[in-house]
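S.K.: sharing a sequence plus its predicted fold:
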Amino acid sequence: MTAAEENPSLTIGLAPDVTRTRLTARPGLEADLRRLAVRFQSTTQRTQSSIEVQLDELLMNLDALNTWPYKSDGDVVWDPQLRALVVDSLHDAASVSSRLENAPTATEPQAIHERLGPEWSGDLTAFQRRDIAKLLSLRHGANFSVPGAGKTRVGLAVFQALRYTEGIERLLIVGPKSCFSAWQYENAECLRPALTMEIADGAPAATSDAVVVNYERLPNMVDTLGRWLTERPSMIILDEAHRMKLGANGAYGAACLALGPRARRRLILTGTPAPNGVKDLENLFGFVWPGTGRQNVLRAVNGGDLAQASHALRPLFTRTTKGELDLPPVETNLRTLPLPPLHSEVYKALVGQFSARAAGYEGDFQALGRILVYMLMAATSPALLAVGTTRYEPLAYQVPPLAVPEESSLYKLMQDMPAYEMSPKYQEVLAIIRENAAQGRKTLVWSTFIRSLNTLQRMLSQFGPAMVHGGTQDREDQIKRFQTDPDCMVLLSNPATLGEGISLHHECHDAVYVDRDFAAGRFLQSLDRIHRLGLSHDVQTRITVLASEGTIDEVVAARLANKLAFMGGILDDPAVQQLADLDEEPAVGGGLDQGDLKSLMGHLHAPST
């Protein structure tokens with residue numbers, strides 16, 4: 001070892017959180033380090049002789065290191081893991097640039113069987129072989145195929161091909177709990193012998209070929225899983241990768257970004273890669289291709305021409321669309337419901353109260369989020385305001401009962417609200433269920449709020465409703481009852497709980513949304529519970545979205561339309577774009593008179609909560 005290597009002028013390695021790099025200068029070279037530091041926008045001074053720089057920026061600005069005045073052999077020492085990542089990034093940059101410019105032909109789908117080796121026994125559709133071929137032609141990749149297209153099997157096949165031909169030995173799968181059974185099933189179905197696959201619970205066994213971990217546990221397991229990844233050549237797959245769409249600003253995203261560089265291969269799977277727009281796509285591509293991913297997205301989307309952006313980014317991802325699954329069309333309709341006079345007055349009074357309050361909270365997203373939740377409640381049933389949410393709603397939707405000053409007009413209006421007045425939305429749901437049940441059709445009913453689900457469970461008791469939400473202990477039993485019990489005509493749930501990983505398309509062909517929020521990805525995911533691969537062509541699938549006239553529902557509908565149009569444009573998918581413009585249709589619940597409603601609500605001995 002030379003003297004320079006023993007005491008290098010500059011040491012470059014990964015910081016503890018791996019999303020940043022640490023540059024440490026030899027004592028006496030602090031002034032040179034400060035001059036280098038100003039060349040990076042994300043520089044943080046840690047000590048007099050060390051700085052940290054965002055990994056993405058270092059990879060994009062390697063030329064800045066050429067300004068370091070001491071570059072003789074061995075005088076700059078790189079951490080081996082970071083050096084490998086830099087080499088990988090430079091290779092990716094050249095490969096991605098070439099692919100974006102020339103879109104070279106991927107591995108021939110017909111040759112996939114040879115790449116998979118004799119251990120692979122799973123059947124593959126033509127579009128799955130095409131997707132595998134394209135992903136194998138990339139060092140890292142993204143599969144944005146719609147739910148039901150078999151992304152799990154494609155991901156497993158890519159790993160097996162890399163295992164058989166390139167010596168990749170370990171696979172880390174990060175996903176929601178709902179995906180665990182799919183990975184276990186595909187592993188047993190497609191590989192002989194199957195991988196030794198474990199669900200993460202502490203340090204993984206050295207003998208495990210694959211580890212599956214959910215996003216919630218990931219932040220506390222970064223160090224443990226990071227060591228496991230680096231001990232052998234490994235691959236990481238993010239299933240339902242939109243869960244890390246916040247990137248370094250979210251706990252899940254930061255954990256994923258910390259683990260990504262420790263794997264030789266990275267692959268993301270999601271049918272909804274940009275639920276809130278371009279920033280989500282940036283963060284996902286930033287995970288797959290540190291340094292170049294964000295830049296490629298920004299360059300492609302610059303100017304807002306989505307067709308051009310889709311064409312530019314298409315070489316970097318694969319997507320099987322709804323059209324390619326050869327499914328029967330889905331009918332998606334919007335029913336706008338007028339509010340009864342008193343309900344309308346309550347809503348308007350609430351708007352007045354919040355208008356003044358929101359004026360001082362423009363930058364306080366938490367406060368505005370609470371206001372949104374109350375507005376969504378009021379658009380469904382004012383009685384929800386008086387009781388608030390439960391602890392089983394997603395954290396962002398948990399609010400206490402609304403505090404209403406006694407001297408306000410809203411307080412008096414809510415006191416005057418008769419206990420038997422039913423929300424027009426509940427009335428419409430009852431009419432739809434009654435009509436569907438008469439035809440022998442089961443119905444899936446979605447609502448954000450668990451107290452709405454509780455009310456509907458009581459109202460629809462004659463139809464034997466099953467219910468699944470965050471607090472449901474017998475979730476599997478409830479789903480099985482809905483699937484198999486001929487007297488159970490309704491399943492009540494919320495998209496946050498049942499939006500991913502469950503297939504109901506063989507038993508149910510009708511879904512009703514009592515309310516929606518701004519989460520476009522969750523909406524799309526939930527639609528696919530009943531519209532998936534395997535439907536016969538004579539099946540009629542019907543989606544009905546309810547909206548209270550003149551309320552936040554119309555604002556939500558407009559925002560979702562914008563997000564879905566963007567996502568459909570990026571993915572070049574007419575099926576997604578079509579959802580941005582729902583067909584209007586008349587309500588059918590007007591056949592219930594006030595006497596019926598008063599009797600029903602009186603029987604329940606409770607307001608609509």
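M.R.: Structure's in. What do you need?

S.K.: what's the pLDDT at the most centrally placed residue in the chain?
M.R.: Relative to the mean C-alpha position of the chain, the nearest C-alpha, by Cα atoms, centre = their mean, is the one of H242, at 3.2 Å. With respect to pLDDT, H242 has a value of 91.

S.K.: so it, which of the three states?
M.R.: Secondary structure of H242, reduced to three states by DSSP: H, G, I helix; E, B strand; the rest coil: helix.

S.K.: tell me the contacts of it?
M.R.: Listed by Cβ atoms under 8 Å, 6 or more residues apart in numbering, the contact set of H242 reads 270, 272-273, 275, 280, 284, 521. In this view, the C-beta of every residue, glycine as well, is placed from N, C-alpha and C.

S.K.: okay if I get those residues as a markdown table plus neighbour count and distance to L135?
M.R.: Formatted as a markdown table, the entries for these read as follows, by neighbours: other Cβ atoms under 10 Å; distance: Cβ to Cβ, whole Å:
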| residue | neighbour count | distance to L135 |
| --- | --- | --- |
| T270 | 27 | 14 |
| T272 | 28 | 19 |
| P273 | 25 | 15 |
| P275 | 23 | 22 |
| D280 | 25 | 21 |
| L284 | 28 | 15 |
| G521 | 25 | 22 |
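
S.K.: where is pLDDT lowest across those residues?
M.R.: Checking pLDDT across the contacts of H242, the minimum falls on P275 at 83.

S.K.: quick one: it from L564, how far?
M.R.: 9 Å (Cβ to Cβ, to the nearest Å).

S.K.: quick one: common contacting residues for these two?
M.R.: If you check P275 and L564 against Cβ under 8 Å, 6+ apart, the residues they both contact are 520, 524.

S.K.: ok, D75 - how many residues close by?
M.R.: For D75, the number of neighbouring residues by other Cβ atoms under 10 Å comes to 18.

S.K.: hang on, it packs against E6?
M.R.: No - judged on Cβ atoms under 8 Å, D75 makes no contact with E6 at a distance of 10.9 Å.

S.K.: need the overlap of contacts for the two.
M.R.: Jointly contacting D75 and E6 under the rule Cβ under 8 Å, 6+ apart is no residue at all.

S.K.: mind giving me the domain ranges of the chain?
M.R.: 3-78, 89-320, 330-336+420-604, 338-416 (automatic domain parsing).

S.K.: tally of neighbours for the residue nearest to S9 when sequence neighbours are not counted?
M.R.: Distance criterion Cβ to Cβ, 6 or more residues apart in numbering; nearest residue to S9, sequence neighbours excluded, is Y70 at 3.8 Å. By the measure other Cβ under 10 Å, the count of residues near Y70 is 14.

S.K.: hmm, Y70 is touching V77, no?
M.R.: No - between Y70 and V77 there is no contact, the gap being 11.4 Å when judged by Cβ under 8 Å.

S.K.: look at G277 and report its pLDDT.
M.R.: The per-residue pLDDT reported for G277 equals 82.

S.K.: same question but for E421, I mixed them up
M.R.: At E421, the model reports a pLDDT of 62.

S.K.: again with G303
M.R.: The model reports G303 with a pLDDT of 68.

S.K.: what is the rounded mean pLDDT of the helix or strand hosting A84?
M.R.: Per DSSP states H and E: A84 is located in helix 80-102. For helix 80-102, mean pLDDT rounds to 72.

S.K.: next secondary structure element downstream of it?
M.R.: For helix 80-102, the following helix or strand on the C-terminal side (DSSP H and E) is helix 112-116.

S.K.: show me where the stretch 401-550 of the chain has its helices.
M.R.: Shown for the stretch 401-550 of the chain, the helices assigned by DSSP state H, counting those that start in this stretch span residues 409-416, 424-438, 450-459, 475-484, 495-498, 520-527.
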